[in-house]
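Colleague: Okay, predicted coordinates and the sequence, questions at the end:
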Amino acid sequence: MNSPLKIRGFEVHKGLLDSQAQAELVSDLRDVARAAPMRSPVTRWGKPMSVKMTSAGRLGWISDRRGYRYEPRHPDGMEWPPIPSRILALWTSVTGLERAPDCCLINYYGEGARMGLHQDNDEGDFDWPVLSVSLGDEGLFRMGNVERGGSTESVWLQSGDVVVMGGAARLAYHGVDKIRFGSSRLLPDGGRINITLRVVEA
DNA sequence: AAGTTACC
DNA sequence: GCGC
């Protein structure tokens, strides 16, 4: 009866975005990726992650041999593109917050890509919720606890689903175990996109 | 380890 | 196939 998915502050809004809204977001994200190319960052141990990522907003999340952090520039040196207005509007409508997110992290999962269980803890203030949008292929999302270990629970996220992690769920471990490559027709070449919106600075 | 692999 |  202590299921992680029941953690206060964890919300899954199934099917929040219709197919037109999804297609519009994909178009916006293509513009971002054209200005700030997707990369597979390496971890502190030099291993590239299977996910490709880029960011929009004042700050982008990066990883390299120095660790994880937010930076105002893409590794290639350009500033991150602004967060597309439709994405900001989604943040506002779902969270109801006046404060805008600083970072829109865009993760692309190709065939076989995964994301290990982790906490979002590189931000300066954990009181703000994290909002996550799934686009394209279905992904098996796993939710753990605020401490490592313990029970976990999984849910298949589909294109158009929106997840909010706030309150007790804000620092809970979470990850993506696998995607069903080719399960959606939203992206012509397959794969899953996840958008993560975060307030980074206190 | 925001990692990978192995094993049930 | 999936949880760990």
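Modeller: Perfect, I can see it now.
Colleague: all contacts plus neighbour counts: C-alpha atoms, from now on.
Modeller: Noted.
Colleague: Next, the residue nearest to A:S154 when sequence neighbours are not counted: secondary structure please.
Modeller: Nearest residue to A:S154 in three dimensions, chain neighbours excluded: A:R142, at 4.2 Å (CA to CA, 6 or more residues apart in numbering). What DSSP: H, G, I helix; E, B strand; the rest coil gives for A:R142 is strand.
Colleague: Over to A:R8?
Modeller: The three-state label given to A:R8 by three-state DSSP is coil.
Colleague: what's the closest non-adjacent residue to it?
Modeller: In space, A:R8 is closest to A:A168, 5.6 Å off (CA to CA, 6+ apart).
Colleague: ok, the one you found to DNA strand C distance?
Modeller: 19 Å (CA to the nearest atom of the strand, to the nearest Å).
Colleague: re the thing from before, list the beta-bridge partners for the residue nearest to A:S154.
Modeller: A:R142 has these beta-bridge partners by DSSP bridges: A:S154, A:G175.
Colleague: For chain A, which residue gets nearest to DNA strand B?
Modeller: A:G116 (2.5 Å; CA to the nearest atom of the strand).
Colleague: re earlier: doesn't the residue nearest to A:R8 lie inside a helix?
Modeller: Yes: under three-state DSSP, A:A168 sits within a helix.
Colleague: before we move on, the earlier item: isn't there a helix covering the residue of chain A closest to DNA strand B?
Modeller: No: in this structure, A:G116 is strand, not part of a helix, as judged by three-state DSSP.
Colleague: who's in contact with the closest residue to it other than its chain neighbours?
Modeller: Distances taken as CA to CA, 6+ apart place A:G175 nearest to A:G116, at 5.1 Å, with adjacent residues excluded. Contacts for A:G175 (CA atoms under 8 Å, 6 or more residues apart in numbering) come out as A:114-118, A:141-143.
Colleague: how far away is A:G175 from A:T152?
Modeller: 10 Å (CA to CA, to the nearest Å).
Colleague: same check, this time on A:H174
Modeller: 9 Å.
Colleague: picking up where we left off before, would you format the contacts of A:G175 as TSV with distance to A:P37 included?
Modeller: Below are those laid out as TSV (distance: CA to CA, whole Å):
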residue	distance to A:P37
A:R114	20
A:M115	20
A:G116	23
A:L117	25
A:H118	24
A:F141	25
A:R142	28
A:M143	29
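Colleague: Highest neighbour count among these?
Modeller: In terms of neighbour count, A:M143 stands highest of these at 25 neighbours, by other CA atoms under 10 Å.
Colleague: okay, now the nearest residue to that one once chain neighbours are set aside: neighbour count?
Modeller: Sequence neighbours aside, A:H174 is the residue nearest to A:M143 in space, at 4.5 Å (criterion: CA to CA, 6+ apart). By other CA under 10 Å, the residues close to A:H174 number 23.
Colleague: Tell me the residues of chain A that contact DNA strand C?
Modeller: Contact residues (CA under 7 Å from any atom of the strand) of chain A with DNA strand C: A:142, A:151-154, A:177.
Colleague: Now the buried members of those.
Modeller: A:142, A:154, A:177 (16 or more other CA atoms under 10 Å).
Colleague: And stretch A:139-149, how far out from the chain middle?
Modeller: 14 Å (CA atoms, centre = their mean, to the nearest Å).
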